[in-house]
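> For reference, the sequence and a predicted model appear below.
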Amino acid sequence: MLFLVALFLCLWFWRRNLKDANIWMLATYAGVAVMAWSDYSTVSAAGGAMNEALPRIVRDFLLLGMVGFVQSLAVNKRMPIWMAVVLTLVIFALAHFLEFEKPGGDSVILTEQTSTEQIEASKLDPSGELLVQVAHGDKSLEAMALQMGWSAEPAFNPESADATELDDYYILDVNDVAKAEGALSRQSFVLYFEPNELIQVDPLVADGAEASKKNPSLSINDPETGQQWVMEVMNMEAYYQLLARQTAVKKAKIAILDTGVDGKHEDLKDNYFSIETKYDNDPMGHGTHCAGIAAGVTNNNIGIGSLAGAGAQPFVEVTSIKVLSAGGMGTQKTIIAGIIEAADEGADVISLSLGGPSNSSRQKAYSQAVKYAINQGAIVVSAAGNSNRDAKDYAPANSTNMITVSAIDENLNRAVFSNTVNNVKQGIAAPGVAIYSTTPDNNYKVFSGTSMATPFVAGLLGVMRSVNPDLSAADAYKILKKTGVDSKDSRLTGKVVQPEAALKAALK
């Protein structure tokens, strides 16, 4: 488009007879408008917004300004017209070789404000650096990969392939990421691509001190509830009393996508079901801690109480899908594949206590995965992140249709580490400081993080789905928000979930 505009400029200034100069001038201005629209459309197609297109538009207008200066010299007879035309073409030829971030690119500009986390976000999976979406059914990428010496294989295999574009994604292992991006951007069969970033478990914050000792009057008999300050803040006794009068319409499935879950834990095993045995252990402990919060067996004279309820008939059951290694590392591909697997297994709630800094234009695949899960009947919940920043810059917390959970302490203050959720569409808050829960080998420990806040919401949503199986993901969030109470800064945290009030609303 730049070259087309340059051609109009050359023709305009070349003509000695200026009787039709207005025609050429209008054509040039039309070319400039189309050029700006083309810049916006290119970024928008990659999932970006207008603010991400502005650098391209500014660049192109600067180039046109240089051309205008050259041509004005020709008009004023300070240089031959033929020289002005040549210089114009040279300017655009040189501009062609300037490197600007392409849609889906992973370049990082280092400034004094660039955080270590932002730099870390650019680290890619060395065994598959790019996720590439192609036109449906097109096999051209496989041929291109063979020619270029790359490795290409389908990234995802959703059961309901007709309901999503995720089956059109490939994972691409390349030799040179920048060159690969350049080559991909020129292919008509490539609809979109983004970096397959490495991601790690939402950082654990282990507290040196024990959880605050509380002695709420509870109707459940779990011996460790004295270390669960959340029982008072979330008015759990009223919740247990209400739940005891209900009958589960279905046993809702909660999927913990994490480092695994110790399915044999004394306070989990009766509520745990296995998808694959390889998911039923947890070398790190993070996933097991989250599972206990969401669905630890309650009123069994063992360990802790959870959102799962104290009735004879369980309202929820919990399972594990490993998307992270024993060290807590994963990739966008493994997490998205986990969301798809959980949805295909019939999960009612998918809980993601993980994430990392990313770019909002890189969330198309995540958002498509969340959409697929919702269409399959799931509600998807993610941790906001533990960096005291804005969750809109963290993935998968910023994905479309995600319920994003911030953390509060026992005084309803936003946890000092918690990301804010005021700039995501579905922000909510739950306890996330000094949370006492299950860890592998029948142990219990205290951890803090939005990782811990997330399964409180996931567990509650599971019970809500148990008594009201037709509850949609959108309506579930509306209930959480409407029935929640204010924190000390609800603008940044969102409302704090209140289980009894939310359950009442779900029952109506």
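Good, I have the coordinates. Residues are numbered from 1 along each chain as shown.
> domains in this protein, as residue ranges please.
2-96, 116-196, 205-210+221-507 (automatic domain parsing).
> Now mean pLDDT too, for those, in TSV please.
Output for the domains of the chain, formatted as TSV (pLDDT from 0 to 100):
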stretch	mean pLDDT
domain 2-96	62
domain 116-196	90
domain 205-210+221-507	94
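> Make a markdown table out of those domains and add mean neighbour count.
To be clear about C-beta, it is placed using only N, CA and C from the backbone, and glycine gets the same treatment. Shown next, in a markdown table, are these (neighbours: other C-beta atoms under 10 Å):
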| stretch | mean neighbour count |
| --- | --- |
| domain 2-96 | 15 |
| domain 116-196 | 17 |
| domain 205-210+221-507 | 23 |
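> ok, and the closest non-adjacent residue to residue 423?
residue 392 (4.1 Å; C-beta to C-beta, 6 or more residues apart in numbering).
> what sits against the most centrally placed residue in the chain?
By C-alpha atoms, centre = their mean, the chain has its centre lying nearest to residue 396, at 1.5 Å. By C-beta atoms under 8 Å, 6 or more residues apart in numbering, the residues touching residue 396 are 335, 352, 354-355, 363, 366, 370, 382, 402.
> Out of the residues you listed, list just those in helices.
Judged by DSSP state H, those include 335, 366, 370 as members of helices.
> which residue packs closest to residue 230, ignoring adjacent ones?
That would be residue 431: by C-beta to C-beta, 6+ apart, it lies 4.4 Å from residue 230.
> where do the helices sit along the stretch 401-508 of the chain?
450-467, 473-483, 490-493, 499-507 (DSSP state H, counting those that start in this stretch).
> would you turn those helices into CSV with distance to residue 376?
Formatted as CSV, those follow (distance: least, C-beta to C-beta, whole Å):
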stretch, distance to residue 376
helix 450-467, 13
helix 473-483, 11
helix 490-493, 30
helix 499-507, 20
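> The residue nearest to residue 423 contacts residue 426, doesn't it?
No: shown here, residue 392 and residue 426 do not form a contact pair, counting by C-beta atoms under 8 Å, at 11.9 Å.
> For residue 267, which residues are in contact?
292, 296-297, 300, 302-304, 438, 442.
> what's the answer for residue 331, then?
Per C-beta under 8 Å, 6+ apart, neighbours of residue 331: 125, 128, 196-199.
> Might you specify the subset of these located within strands?
Counting by DSSP state E, the contacts of residue 331 place 198-199 in strands.
> any chance of the contacts of residue 331 in JSON lines, with distance to residue 267 too?
Below are the contacts of residue 331 laid out as JSON lines (distance: C-beta to C-beta, whole Å):
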{"residue": "125", "distance to residue 267": "35"}
{"residue": "128", "distance to residue 267": "38"}
{"residue": "196", "distance to residue 267": "36"}
{"residue": "197", "distance to residue 267": "35"}
{"residue": "198", "distance to residue 267": "33"}
{"residue": "199", "distance to residue 267": "29"}
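> which one is residue 282 nearest to, not counting chain neighbours?
Nearest residue to residue 282 in three dimensions, chain neighbours excluded: residue 260, at 3.9 Å (C-beta to C-beta, 6+ apart).
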